[in-house]
Every structure is written in structure tokens, then in C-alpha cells.
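Colleague: Dropping a prediction and its sequence here:
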Amino acid sequence: MHDTIIFDLGGVLIDWNPGYVFDEIFAGDEERKNYFFNKICTPDWNEEQDAGRSLQIATDIKLAEFPGWETEIKAFYGRWEEMLGGPIQGTVDIFKKIKNADKYRIYALTNWSAETFPVALERFGFLQWFDGIVVSGTEKTRKPFPRFYNILFERYNVLPERAVFIDDNFRNVEAGKALGLAGIHFQSPEKLAEELNKLGLLYTEP
């Protein structure tokens with residue numbers, strides 16, 4: 001029996017996309033944009049901020065490495081709020097139905113900078129529905145490292161074998177499975193509904 005559901009946030013419940021800013025900045029220059037994300041402000045670099053490095057230090061590192069890209073580098077966190085889209089409404093609807101069923105404990109386990117997460121807390125009221133949220137930037141570690149998952153398990157007395165973990169990053173889902181979690185690789189709200197039903201959780205289609 002599953003009694004706990006653990007959600008990722010970005011890409012599952014919240015739309016976050018740097019393209020909202022950089023499609024404008026690069027104005028159709030796909031080669032330059034691809035270089036920027038593959039060589040300069042890379043996903044690996046961004047994950048270091050998710051793991052607790054300050055945004056200013058991260059920005060300064062890149063400015064020193066790529067002084068000719070000052071405008072673009074400073075925009076990554078200077079215009080971060082513009083990258084934060086709206087809720088992924090289909091998933092929020094699923095979350096609400098699960099919450100209203102009053103059968104499960106529901107937590108969030110998110111890779112997110114401690115400096116920017118308060119913006120999301122203020123903007124998205126449904127974040128208050130969770131029984132607890134564990135933020136990587138606050139804990140100074142992140143998915144897929146086992147320590148981060150274990151913080152949630154220990155803090156909230158979660159038994160992994162009784163929990164379901166939902167994340168849009170397959171790497172993170174596999175890391176959770178290795179610790180005993182049932183994993184769902186999020187692809188769409190519709191697919192999530194199907195997967196929840198396969199696991200026998202009380203749920204009705206959105």
C-alpha cells in the first residue's frame with residue numbers, strides 16, 4: 001500500500017523555461033543560443049545553484065570565463081522571474097484531487113535555488129497544500145544524490161517502499177527507485193493519471 005506521494009515541482013507542477021527570456025535575447029539565432037546553453041550557462045552550472053551555490057558567485061564565475069557574454073550571463077538570474085511560467089494546470093488538478101481524497105501524505109522534493117524559491121512560494125498558492133517541501137538549495141544537496149532523498153525520508157518519517165515519486169527527469173526517477181521508491185517519469189498530466197491508476201491509487205481522470 002502506498003501512503004505517500006512525492007512531487008517534483010519544476011516541469012511537473014510549475015512551468016520553468018529559460019527560453020521565455022533567451023528566445024527574445026537571441027532573436028532566432030539558434031546557433032548562438034545553443035552555444036550559450038551548451039558551453040556557458042549550462043544545466044550542470046545551474047544545478048550547482050540548486051545545490052546551494054550563490055547566484056552572484058555563479059554569475060561572477062561565468063563573467064570571468066566569458067567576458068564577451070556579459071548581457072546574456074547577467075540575464076540568466078537577473079531576469080529569472082520571467083523564465084517562471086504559470087502552473088502546469090493539469091498536474092495541479094491531479095494534485096488537488098489527491099489532496100481532497102485525504103488518503104495520502106504529499107510532499108515536494110525539488111532541485112531549486114534557495115534564493116529564487118521564495119518567488120515561487122509567493123506566486124503559487126498550491127505550494128501550501130504540501131505536508132512538507134524539501135528544497136535542494138536550502139539543504140546544500142540535490143537530486144539525484146541519495147542524501148537529498150534521505151533528508152525527506154528522515155524528516156517526515158517516509159518509508160520509501162510506501163511512497164510514489166514523480167519527476168520529469170528520468171535520472172532522478174531512477175535514483176529514487178534505487179532507494180526503494182515507486183517512480184513515475186512525468187511526461188504529461190494525462191500520462192501521470194494513467195500511471196497513478198496503474199499503481200492502484202484512488203484517482204479519477206482529469
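Modeller: Received it, and whenever you're ready, just let me know what you need.
Colleague: what about the strands in the chain?
Modeller: 4-7, 14-16, 84-87, 105-110, 132-135, 163-167, 182-185 (DSSP state E).
Colleague: distance of the residue of the chain positioned farthest from its centre from residue 62?
Modeller: Relative to the centre of the chain, and counting by CA atoms, centre = their mean, the farthest-placed residue is residue 68 at 30.5 Å. Using CB to CB, to the nearest Å, one gets 11 Å for the distance from residue 68 to residue 62. Every residue, glycine included, has its C-beta placed from N, CA and C.
Colleague: How about residue 165?
Modeller: 32 Å.
Colleague: Also residue 8?
Modeller: 26 Å.
Colleague: Between these two, which has more neighbouring residues?
Modeller: residue 8 (24 against 19; other CB atoms under 10 Å).
Colleague: For residue 154, find the nearest of the strands of the chain.
Modeller: strand 132-135 (10.3 Å; CB to CB).
Colleague: chain center to the closest one: distance?
Modeller: 11 Å (CA atoms, centre = their mean, to the nearest Å).
Colleague: Note down every partner strand of that strand and its orientation.
Modeller: strand 105-110 (parallel) (DSSP bridges).
Colleague: Can you get me a residue count around the spatially closest residue to residue 126 that is not a sequence neighbour?
Modeller: Nearest residue to residue 126 in three dimensions, chain neighbours excluded: residue 92, at 5.5 Å (CB to CB, 6 or more residues apart in numbering). Each residue near residue 92 was counted by other CB under 10 Å, and the total is 20.
Colleague: what's the answer for the one 3 residues further on, then?
Modeller: For residue 95, the count of nearby residues is 24 (other CB under 10 Å).
Colleague: now the helices: where do they sit in the chain?
Modeller: 19-26, 30-35, 43-50, 55-65, 70-78, 80-83, 89-101, 117-123, 136-139, 146-155, 170-178, 189-198 (DSSP state H).
Colleague: What lies in contact with the longest one?
Modeller: What that stands for is helix 89-101. 5, 7, 12-13, 104, 106, 126, 129, 186, 188-190, 192-193, 196, 201-204, 206 (CB atoms under 8 Å, 6 or more residues apart in numbering).
Colleague: Looking at the strands of the chain, spot the one closest to residue 118.
Modeller: That would be strand 132-135 among these, by CB to CB, at 9.9 Å.
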